[in-house]
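Undergrad: Please find the sequence and the predicted model below.
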Amino acid sequence: EPEVTQTPSHQVTQMGQEVILRCVPISNHLYFYWYRQILGQKVEFLVSFYNNEISEKSEIFDDQFSVERPDGSNFTLKIRSTKLEDSAMYFCASNYRQGSTEAFFGQGTRLTVV
Amino acid sequence: GQQLNQSPQSMFIQEGEDVSMNCTSSSIFNTWLWYKQDPGEGPVLLIALYKAGELTSNGRLTAQFGITRKDSFLNISASIPSDVGIYFCAGHILTGGGNKLTFGTGTQLKVEL
C-alpha cells in the first residue's frame, strides 16, 4: 500500500542551526502538507502546498519556515534558525485532490532543538 | 480560531467494553474525520464523515456527524488491547487552497486486560 515516508525519523540540532525535514508523498498525490505536534499536544496545521506554491499557511509558519518541492518526488520543510520551541514531531501529509479530506500522514520526524 | 474539544481527555477501560468519545466545535465544518495515533507514529484515518447526521461504521468503529455540523461522536465496540492510542477528531473546511485540517485535543484510550 502506498505511504508517505519521512526522513530522518529523529533529528537533534543546536539552537540557531538550520534543519531540513524531508518527505516523499504518495506518488500520484497533488496536495502536500506539513503539520506539527508538540509533545502531548494536538496536531497543528503549518502549511499546504499545491502546484509548486504555498496555498495556505498558519500563523506558526513564519519567515523562519519554508517549503520546497525540489523534484518530482520530495517535499521538504526547512527551518532556518531553529529555536527551542521548534522541538516537536513534524508530520508530512498528502492527498490527491481538493475536496478530498482523506489526507495520508507520514510517520513523522521528531525534531529536538538543544 | 476554530477549536475542537474532545471528551473525555483520557479513559481507562476493560477489554471487551464499549467506548464512546465526543468532539465538539465552535465552528461548522464541511467534513469530519476521526484519526488514531499510536505512540511515535503519524495519525491514521479511521472514519470520514461528509454529511450532517451521517452515521458511518468501519468494523467495530461507528461515528456520527452531528446535525449542526459542530459535533461528532466515535464509538468503539468490544475494545481490544490494540485499540490503545490517542483518538483525534479533525474538522475540514473547504478552502481555495486545499485541505487544512483542524485537530481536536485528543482522547487517550487505555485498555486493561
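TA: That came in fine, so what should we check first?
Undergrad: How many neighbouring residues does A:G40 have?
TA: Applying other CB atoms under 10 Å in any protein chain shown, we find 8 other residues in the vicinity of A:G40. Any C-beta I mention is one placed from the backbone N, CA and C, and that applies to glycine too.
Undergrad: again with A:Q37
TA: Each residue near A:Q37 was counted by other CB under 10 Å, and the total is 21.
Undergrad: what pLDDT does it get?
TA: With respect to pLDDT, A:Q37 has a value of 96.
Undergrad: bridging residues for the spatially most central residue of chain A?
TA: With the centre of chain A defined as its mean C-alpha position, the nearest residue by CA atoms, centre = their mean is A:W34, 3.1 Å away. Going by DSSP bridges, A:W34 is paired in beta bridges with A:V47, A:C92.
Undergrad: List the contacts of it.
TA: A:L21, A:C23, A:L46, A:V47, A:V67, A:L77, A:Y90, A:F91, A:C92, A:A93 (CB atoms under 8 Å, 6 or more residues apart in numbering or on different chains).
Undergrad: Check B:Y87 too.
TA: Applying CB under 8 Å, 6+ apart as the definition, the contact partners of B:Y87 turn out to be B:Q6, B:M21, B:W34, B:Y35, B:K36, B:Q37, B:L46, B:L74, B:G106, B:T107, B:Q108, B:L109.
Undergrad: How much space separates the closest residue to B:I80 other than its chain neighbours from chain A?
TA: Using CB to CB, 6 or more residues apart in numbering or on different chains and skipping the chain neighbours, the partner closest in space to B:I80 is B:E15 (6.3 Å). Separation of B:E15 from chain A (CB to the nearest CB, to the nearest Å) stands at 26 Å.
Undergrad: And B:E15, its phi and psi?
TA: Dihedral pair for B:E15: phi -60, psi 140, per degrees, to the nearest 10.
Undergrad: Can you report how many residues lie near it?
TA: Other residues within reach of B:E15 by the criterion other CB under 10 Å amount to 12.
Undergrad: Out of the contacts of A:W34, the closest to B:S57 would be?
TA: Of all the contacts of A:W34, the one with the least separation from B:S57 (CB to CB) is A:A93, at 24.7 Å.
Undergrad: thought that closest one was touching A:H29?
TA: No: in this structure, A:A93 is not within contact of A:H29 by CB atoms under 8 Å, at 9.2 Å.
Undergrad: ok, these two, which is more surrounded?
TA: In this view A:A93 and A:H29 are compared by other CB under 10 Å, and A:A93 has more residues nearby, 26 against 18.
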